[in-house]
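# predicted coordinates and the sequence they were generated for:
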Amino acid sequence: MSAPMAMPSRHTVPVTRRQRVAIRVITLISLGLARLSPARLRTLLARVSVAAVPAEYSHTEWAYRAVVMLSPRCAGWKGCLPRSIAVCLLCRLSGQWPTWCSGVRAAPPFTAHAWVQAEGRIVCEPGTPADYRPLIHIEAP
């Protein structure tokens, strides 16, 4: 049985040439970080989030859409982990940090998922925070 999932929409967002390069580099880094063990990834992201302020929803949404627009791999069904890492790292470049979460869907089929939240809302993902059960979450200090 497969899990019903929707592909993230690939809206065009305004991105400068410098931002485009940064997003591509961050996406490559996030693909590598997605291969780390959960414990190492948690430790690394917690260190990166130090001294950041909580991210604004609008900025996090822009980061999400920019990552999805420039990376077909992160936009795919199996791209939730590198996509969420890339969004957090992109927000961190501006001194902000959204809440990074990794967990499972609350209703069957119980599939693993990674997502970001800002201002208490899930960014660009279907559902509400009640639809997911975070096993790991990293907030701005």
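That came through fine. Keep in mind it's a predicted model, so treat the numbers as computed, not measured. Numbering: from 1, shown residues only.

# quick one, phi/psi of Leu93?
Main-chain torsions, Leu93, degrees, to the nearest 10: phi -60, psi -30.

# if you count neighbours, what's buried in the lowest-mean-pLDDT helix or strand in the chain?
Sorting the helices and strands of the chain by mean pLDDT, DSSP states H and E puts helix 72-75 at the bottom, at a mean of 92. The neighbour-count criterion (16 or more other Cβ atoms under 10 Å) identifies 74-75 as the buried residues of helix 72-75. (C-beta placed from N, C-alpha, C; glycine too.)

# likewise stretch 104-114?
By 16+ other Cβ under 10 Å, the buried positions in stretch 104-114 come out as 105, 113-114.

# run the chain-centre distance for the least confident helix or strand of the chain.
12 Å (Cα atoms, centre = their mean, to the nearest Å).

# that one - contacts with which helices or strands?
Counting contacts by 3 or more Cβ pairs under 8 Å, 6 or more residues apart in numbering; DSSP states H and E, helix 72-75 is packed against helix 17-33, helix 57-70, helix 80-92.

# and the last one, what does it pack against?
Counting contacts by 3+ Cβ pairs under 8 Å, 6+ apart, the secondary-structure elements packed against helix 80-92 are helix 17-33, helix 38-48, helix 57-70, helix 72-75, strand 99-105, strand 112-118.

# if we can go back for a sec, in CSV: the helices and strands packed on helix 72-75, plus mean pLDDT.
Formatted as CSV, the helices and strands packed on helix 72-75 follow (pLDDT from 0 to 100):
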stretch, mean pLDDT
helix 17-33, 96
helix 57-70, 97
helix 80-92, 97
